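Trainee: give me a model of this one.
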Amino acid sequence: MAVALTGMTWSHPRGYDPLVAAADVWRGRTGVSITWQKRSLQDFESYPVDELAARYDLIVIDHPHVGQVARESCLIPVDLGDHADEAAALAEASVGASYPSYHWNGRQWALPIDAATQVQAWRSDLLAAPATTWDEVMALAKAGRVLCPLRPPHALMAFYTLCGNLGHACATGGTADHVEPATGTAALALLRDLAANIDPACIDMDPIAVFERMAQADSAVACAPLIYGYVSYARPGFRDRRLAFTDIATTSGATGPVGSALGGTGIAISAHTAHAREAIDFAYWVASGECQKGPYATAGGQPGHAAAWEDPAVNAAAGDFYRNTRKTLEGAWVRPRYDGYMAFQEAASERIDQALSAGEDGERLLADLNRLFRESLRRLVPTSRRGALPRSSRRC
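Mentor: Sure, this is the predicted structure:
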């Protein structure tokens, strides 16, 4: 009897179309069919992974989930079985920290199929060149030419990126403060100044909303300085105007486009699947260089494999999206991934948006962020599950 698998991903051409295309090729090769379903971006941001694992064989996840899914045992580590050589090849060839971002407690919980981080989007028909410094970003903002997504969790992600670019990335665990005070104060000042000079509607905008505004034929918006890259908007004909993407503008004294908060997605295997071997075989193939620079990229995906990022045809089809953002991706910072981080991210995101809306100074905000972080870490005591934080996430 032919094997039939089901998979769940997120509802955007970048997240859905390449998996459908890959599944068609895979069925022709192996006879294994995979039916992909998609859920809204909002649902992707809130639906618990363990409940999805009860219903689907293959699940697309974000790397900050790995601590939670490891504790819940709802996924199968993908480093099981006879794929050791392929795993080593992927670890070597995945861009930036995409591959190790899914490694937790000695196991690999997903394989990167989509690489993303906060980069800069700009309109090459409205600007002669993208911004290269934060001063240039602010000049554009004061001229009404900038939008930036600040809807949770994106203001927090921008804050993280600024901290990293200022030279002191936020802590991911341990006993130290999450945010180093001097760096956090400087980052918040930059972000608060930006928020004060752009459309107040940004506080409710995610990256897709910003891109849709930027890509309108009559838009005057020329720059989104900190935004998760979406290759769809770099492809000709996707929207009225094609967007260009490049490395983030650097803050004063920065050593380059470093510190951006890593995003992207990985493909994971449900612990409830009746066809683990078939699911894992597909996961390794769809993450491979062959698929990623072939049917995956051709169908509008945003690969996680260096073979695609370096491929001339893949770059030509996307306005050199990959070449022009590679430095930022390679210098990206991996968010915390412990069980409980996602609830911290949600609370911290709401708190930073509150501070931006109120024009609040940094001292109280940084104290609250550090307090929330310490409280989330205290919940990691292995002998007790009391006070478990709610399971939720936000897509980047």
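
Trainee: list the residues that contact the most centrally placed residue in the chain.
Mentor: Taking Cα atoms, centre = their mean, the centroid of the chain lies closest to Gly263, which sits 1.8 Å from it. Gly263 is in contact with Asp62, Ala116, Thr117, Gln118, Met157, Tyr228, Cys396, counting by Cβ atoms under 8 Å, 6 or more residues apart in numbering. C-beta here means a position set from N, CA and C on the backbone, and glycine is covered the same way.

Trainee: pick out whichever of these sits closest to Leu356.
Mentor: Using Cβ to Cβ, Met157 comes nearest to Leu356 of those, at 13.1 Å.

Trainee: looks to me like the closest one is in a strand.
Mentor: No. The assignment for Met157 by DSSP: H, G, I helix; E, B strand; the rest coil gives helix, which leaves it out of any strand.

Trainee: neighbours of it, how many?
Mentor: 28 (other Cβ atoms under 10 Å).

Trainee: can you count the residues close to Gly237?
Mentor: 6.

Trainee: in terms of helices and strands, where is Leu34?
Mentor: Actually, residue 34 is Ile rather than Leu. Taking DSSP states H and E as the criterion, Ile34 maps to strand 33-39.

Trainee: what are the pairing partners of that strand, and which direction each?
Mentor: In the sheet, strand 33-39 lines up against strand 4-10 (parallel) (DSSP bridges).

Trainee: buried set for the partner strand?
Mentor: Buried residues in strand 4-10, defined by neighbour count with 16 or more other Cβ atoms under 10 Å: Leu5, Thr6, Gly7, Met8, Thr9, Trp10.

Trainee: returning to that earlier point: for the residue nearest to the centre of the chain, grab phi and psi.
Mentor: When read as degrees, to the nearest 10, the backbone of Gly263 gives phi -120, psi -130.

Trainee: got it, and Trp104?
Mentor: When read as degrees, to the nearest 10, the backbone of Trp104 gives phi -150, psi 130.

Trainee: my read: it touches Gln68, true?
Mentor: No. Between Trp104 and Gln68 there is no contact under Cβ atoms under 8 Å: 9.6 Å.

Trainee: tell me which of these two has more neighbours.
Mentor: More neighbours surround Gln68 than the other of Trp104 and Gln68, with 25 against 22 (other Cβ under 10 Å).

Trainee: give me the residues contacting the helix or strand harbouring Leu162.
Mentor: Secondary structure from DSSP H and E places Leu162 in helix 154-165. Outside helix 154-165, the residues within contact range by Cβ under 8 Å, 6+ apart are 118, 148, 150, 169-170, 179-180, 183-184, 186-188, 190-191, 195, 203, 206-207, 226-228, 248, 250-251, 254, 257-261, 263, 333, 335, 345, 348-349, 352-353, 356, 396.

Trainee: what about the residue nearest to Arg335 when sequence neighbours are not counted, how many neighbours?
Mentor: Spatially, and ignoring its direct neighbours in sequence, Arg335 is nearest to Pro64 (5.2 Å; Cβ to Cβ, 6 or more residues apart in numbering). Residues near Pro64, counting by other Cβ under 10 Å, number 23.

Trainee: contacting residues around Pro64?
Mentor: Counting by Cβ under 8 Å, 6+ apart, Pro64 touches Arg335, Pro336, Arg337, Tyr341, Met342, Gln345, Ser393.

Trainee: could you dump those to a markdown table with secondary structure and pLDDT?
Mentor: Shown next, in a markdown table, are those (DSSP: H, G, I helix; E, B strand; the rest coil; pLDDT from 0 to 100):
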| residue | secondary structure | pLDDT |
| --- | --- | --- |
| Arg335 | coil | 97 |
| Pro336 | coil | 97 |
| Arg337 | coil | 96 |
| Tyr341 | helix | 94 |
| Met342 | helix | 91 |
| Gln345 | helix | 94 |
| Ser393 | coil | 37 |
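
Trainee: surely Thr255 is in contact with Gly167?
Mentor: Yes. Taking contacts as Cβ under 8 Å, Thr255 lies within contact range of Gly167: 7.4 Å.
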